[in-house]
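> sequence plus predicted model, see below.
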Amino acid sequence: MEFTKKSEGTKLTYTVTGRLDTNTSPILGSDLTASLSGVTDLVMDLKGLEYISSAGVRVLLSAFKVMKTQGQMTLENVSDTVREVLTVTGLIDFFTIK
């Protein structure tokens, strides 16, 4: 998994590629935790995300919970594979998906 982030005022965009799994999700989770202070608009661009495990879903859900109290979170470019995982876990309706 690789990610980049771009900050524009109070908007923060993460572009995530590769596999978000048990080994890589702690890295993204730690970076998100350290970066969300003062953010009111979080965009997770998942265009290059090939795979997401339950650990990866937990990272997205944790970020969602933080953003619910301070702004909004949007998932963009969600592949069919990632969409299916979110649907099976029952979390698809929690997220705003563009």
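Good, I have the coordinates. None of these values were measured; they are calculated from a predicted model. Numbering: from 1, shown residues only.
> contacts and neighbour counts: CA atoms only from here.
OK.
> how far out from the middle of the chain is the lengthiest strand in the chain?
Using DSSP state E to define each element, the chain has its longest strand at strand 41-52. Relative to its chain's centre, strand 41-52 lies at 6 Å (Cα atoms, centre = their mean, to the nearest Å).
> next: stretch 75-93.
With Cα atoms, centre = their mean, you get 11 Å for stretch 75-93.
> for that stretch, buried residues please.
In terms of neighbour count (16 or more other Cα atoms under 10 Å), stretch 75-93 has its buried residues at 75, 76, 77, 78, 82, 83, 85, 86.
> hang on, the fifth one packs against residue 48?
No - in this structure residue 82 lies outside contact range of residue 48 using Cα atoms under 8 Å: 10.6 Å.
> and residue 31, which of the three is it?
In three-state terms, and counting by DSSP: H, G, I helix; E, B strand; the rest coil, residue 31 is helix.
> and if you look at residue 93?
Quick answer, by three-state DSSP: residue 93 is coil.
> follow-up on the earlier one: quick check, nearest of the buried residues of stretch 75-93 to residue 10?
residue 75 (16.7 Å; Cα to Cα).
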